[in-house]
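A.B. asks: Mind folding the following:
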Amino acid sequence: MHALSAIPQGRPVGVVRTTRSSSTGVSDYVVADLENAAQVQGLATYAPDVIVHTAARLPRSFDDKEAASSNAAIDSHVIRLAEETGASLIYLSSTSVYANSPLPWMETAEIGALSDYAAAKRYTELLLRALPSPTATIRIGSPYSAVGVDKPSVLYSFVKQAVAGQNLMVAGAGLRSQDFIHANDVAVAIRKAIDYLLQPRSTVTAELFNIGSGAPVTMASLAETVVEVCGSGRVVFTGISGGNDEYRADMNIDHAKAILDWRPAVPLETGIAQLARRLRGGNEDWLSI
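C.D. replies: Residues are numbered from 1 along each chain as shown. Presented below is the predicted three-dimensional model:
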């Protein structure tokens, strides 16, 4: 929300579940449980022009049926709000929908069999196509920032270990790859999607964008980069293959470049250095580069 606070078209209003999570970076926010249909419908009084839907319950695994069910309920409530208010809707989806798609991942790729979590995401994507107002679905790579340091992600684990001078344990040959994208770049993409949806148009559109770095890194390369940037730690290959050794992330981001005039601007090395400073007790604006 911090990066969205200066939107010239109007004022952003953050929606938080509890007052403990009200540090949205904007002066206006409202407390609402998005799993509660009545509370979501109460947001209609704000008469939104654009709804940016980033909320989701993160799964313990991609086959987490409980998380998928919660997300489906949240999504349906937000979609109904968009229908009733006539607002455009921006929905943050996931690259998990590409689980069985050919590489590179294109927005037009055929979608194969999906886990419960990914299937719920895909179902919501399809629902957006039927909305009367313009919509944009954003499939995000592996987002990260230095705002929170307790995320269950290999990047956070590696930086924590390097800052502590510990070994960075890489499974197998470290060939699994991910596409890491800084939260600031995601926020800029959302800003540009808002501008795109609000511009005058003669036809209703439902757009779909990949938002990632476009430069996936292997776990071996990630570990080596973390050690180099942090100036501490040591890469150790376990020789034991992990369960996701065959996973590859390869996002094509040309559509977002062409339609939104968006490009990732934060190098991975910069984001790693930022996170390392945070872990070492540095104090700065973590959403500003």
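A.B. asks: Tell me where the stretch 1-150 of the chain has strands.
C.D. replies: 14-16, 29-31, 50-53, 88-94, 135-140, 142-144 (DSSP state E, counting those that start in this stretch).
A.B. asks: Redo those as CSV? Include mean neighbour count.
C.D. replies: C-beta: built from backbone N, CA, C; applies to glycine. What follows is the strands of the stretch 1-150 of the chain, written out as CSV (neighbours: other C-beta atoms under 10 Å):
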stretch, mean neighbour count
strand 14-16, 20
strand 29-31, 15
strand 50-53, 23
strand 88-94, 23
strand 135-140, 24
strand 142-144, 20
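A.B. asks: Of these, which is nearest Leu260?
C.D. replies: For those, the distance to Leu260 is smallest for strand 135-140, at 8.7 Å, taking C-beta to C-beta.
A.B. asks: quick one, that closest one and strand 88-94 angle?
C.D. replies: Strand 135-140 runs at 20 degrees relative to strand 88-94, counting by axes from the mean of the first three to the mean of the last three C-alpha atoms, to 10 degrees.
A.B. asks: how far is strand 135-140 from where the chain is centred?
C.D. replies: Relative to the centre of its chain, strand 135-140 is centred 10 Å away, using C-alpha atoms, centre = their mean, to the nearest Å.
A.B. asks: Does anything pack onto it? Which helices or strands?
C.D. replies: Applying 3 or more C-beta pairs under 8 Å, 6 or more residues apart in numbering; DSSP states H and E, we find strand 135-140 packed against strand 88-94, helix 116-128, helix 183-198, strand 206-211.
A.B. asks: give me that answer again for 10 Å
C.D. replies: The contact analysis (3 or more C-beta pairs under 10 Å, 6 or more residues apart in numbering; DSSP states H and E) places strand 135-140 against strand 50-53, strand 88-94, helix 116-128, helix 183-198, strand 206-211, helix 254-260.
A.B. asks: circling back to that earlier point, want to try CSV for the strands of the stretch 1-150 of the chain, with distance to Ala256 and mean pLDDT as columns?
C.D. replies: CSV is the format used below for these (distance: least, C-beta to C-beta, whole Å; pLDDT from 0 to 100):
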stretch, distance to Ala256, mean pLDDT
strand 14-16, 24, 88
strand 29-31, 28, 89
strand 50-53, 16, 96
strand 88-94, 13, 96
strand 135-140, 8, 97
strand 142-144, 15, 93
